[in-house]
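Student: pasting the structure only:
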């Protein structure tokens, strides 16, 4: 089985909708195709998160009011005919349930999907920087050399900190493309471990999130109108310590 055919069946494979022959073919393809295996992994993770962490969103008030008015009007028109009245109540309740369910699914999918996609892009960029020759576009331990290097290359000015005294020396920076836009990457080191700090403007958002993808730890936080992602093979405690210093105003 080749990639185009496999990709069309991965979602059905995750949902257990394939027959035994198709299931065996897709499973065999996933064992030898990194790209399709990663797609499968993201779908499995999304389904798991949906079942465990999906927030509940009530149907909009205007929709509930409209359905309630329709029920009352129908009840008044059909008061003598109880069977028809209950039929319409059942239909309206079914519609409300379907709309509410669709609303919840859409709200859940739109939120984590973007974050999951970005996390995947960041880990891939981090791995490429370690195995290739694109770790640094501007190798320097001087924040006053690294920061001006981004002028004219991106439409914002990243905050560049020298954290050598805290045990996380700056070693340079580079330009990357994440979420279909250019972003600044500041590169730090802790002992033999590389930390890539991705940063770009974010219109809204708050809070902090910790993830692990493909053996790497990631911490995301938003501050002063910027979204930041730190990724490294450092243990989580050390990466948290780095973020605590990087996030200080």
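Tutor: Yep, that arrived. The structure presented is a predicted model; accordingly, all values stated were derived computationally and were not measured.

Student: which residues touch residue 115?
Tutor: Shown in contact with residue 115 (CB atoms under 8 Å, 6 or more residues apart in numbering): 209, 220. From N, CA and C alone the C-beta is placed, and that goes for glycine too.

Student: Now name the helix or strand holding it.
Tutor: Using DSSP states H and E, residue 115 falls within helix 82-131.

Student: Ok, residue 220 next?
Tutor: Assessed by DSSP H and E, residue 220 sits inside strand 216-223.

Student: contact partners of that strand?
Tutor: By CB under 8 Å, 6+ apart, strand 216-223 touches 115, 119, 122-123, 126-127, 202, 205-212, 227-236, 239-240, 243, 247, 249.

Student: Select only the buried ones of those residues in PyMOL?
Tutor: A single PyMOL command selects the buried members of the contacts of strand 216-223 (16 or more other CB atoms under 10 Å):
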select buried, resi 119+122+123+126+127+211+227+228+229+230+231+232+234+239+243
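
Student: coming back round to it: average pLDDT across the strand holding residue 220?
Tutor: The predicted model assigns strand 216-223 a mean pLDDT of 94.

Student: Quick check: what element follows the helix holding residue 115 along the chain?
Tutor: Sequence-wise, the next helix or strand downstream of helix 82-131 (DSSP H and E) is strand 138-139.

Student: hmm, back to that, cross the contacts of strand 216-223 against strands and list the overlap.
Tutor: Judged by DSSP state E, the subset of those located in strands is 208, 209, 210, 211, 212, 227, 228, 229, 230, 231, 232.

Student: how much space between the residue nearest to the fourth one when sequence neighbours are not counted and residue 38?
Tutor: The one in question is residue 211. Spatial nearest neighbour of residue 211, chain neighbours left out: residue 218 (4.6 Å); criterion: CB to CB, 6 or more residues apart in numbering. Noted for residue 218: a distance of 16 Å to residue 38, by CB to CB, to the nearest Å.

Student: Kindly report the same for residue 24.
Tutor: Here the distance between residue 24 and residue 38 works out to 21 Å (CB to CB).

Student: same question, residue 213
Tutor: Residue 213 sits 10 Å away from residue 38 when distances are taken as CB to CB.

Student: Now tell me what touches stretch 117-124 from outside.
Tutor: Contacts of stretch 117-124 (CB under 8 Å, 6+ apart): 38, 42, 178-179, 196, 198, 211, 213-214, 216, 218, 220, 229, 231.

Student: try it again with 6 Å
Tutor: Defining contact as CB atoms under 6 Å, 6 or more residues apart in numbering, one finds that stretch 117-124 is touched by 178, 179, 198, 211, 213, 214, 216, 218, 229, 231.

Student: cool, and stretch 149-163?
Tutor: 138, 143, 146, 147, 170, 175, 182, 184, 186, 199, 201, 245.

Student: And the buried ones among these, selectable in PyMOL?
Tutor: Selecting in PyMOL just the buried members of these, where the criterion is 16+ other CB under 10 Å, is done with this command:
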select buried, resi 138+143+146+147+170+184+186+199
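
Student: Buried residues, stretch 5-17. List them.
Tutor: Taking 16+ other CB under 10 Å as the basis for neighbour counts, the residues of stretch 5-17 that come out buried are 6, 7, 9, 10, 13, 14.

Student: I'd like to know how far the last one sits from residue 41.
Tutor: The reference is to residue 14. Taking CB to CB as the measure, residue 14 and residue 41 are separated by 10 Å.

Student: and what of the fourth one?
Tutor: Counting by CB to CB, the gap between residue 10 and residue 41 amounts to 10 Å.

Student: Now do the residue nearest the centre of the chain against residue 122, distance only.
Tutor: With distances taken as CA atoms, centre = their mean, the residue of the chain nearest its centroid is residue 115 (1.4 Å). Plainly put, residue 115 is 11 Å away from residue 122 if you go by CB to CB.

Student: Wait, residue 25 touches residue 1, no?
Tutor: Yes: applying CB atoms under 6 Å, one finds residue 25 in contact with residue 1, separated by 4.6 Å.
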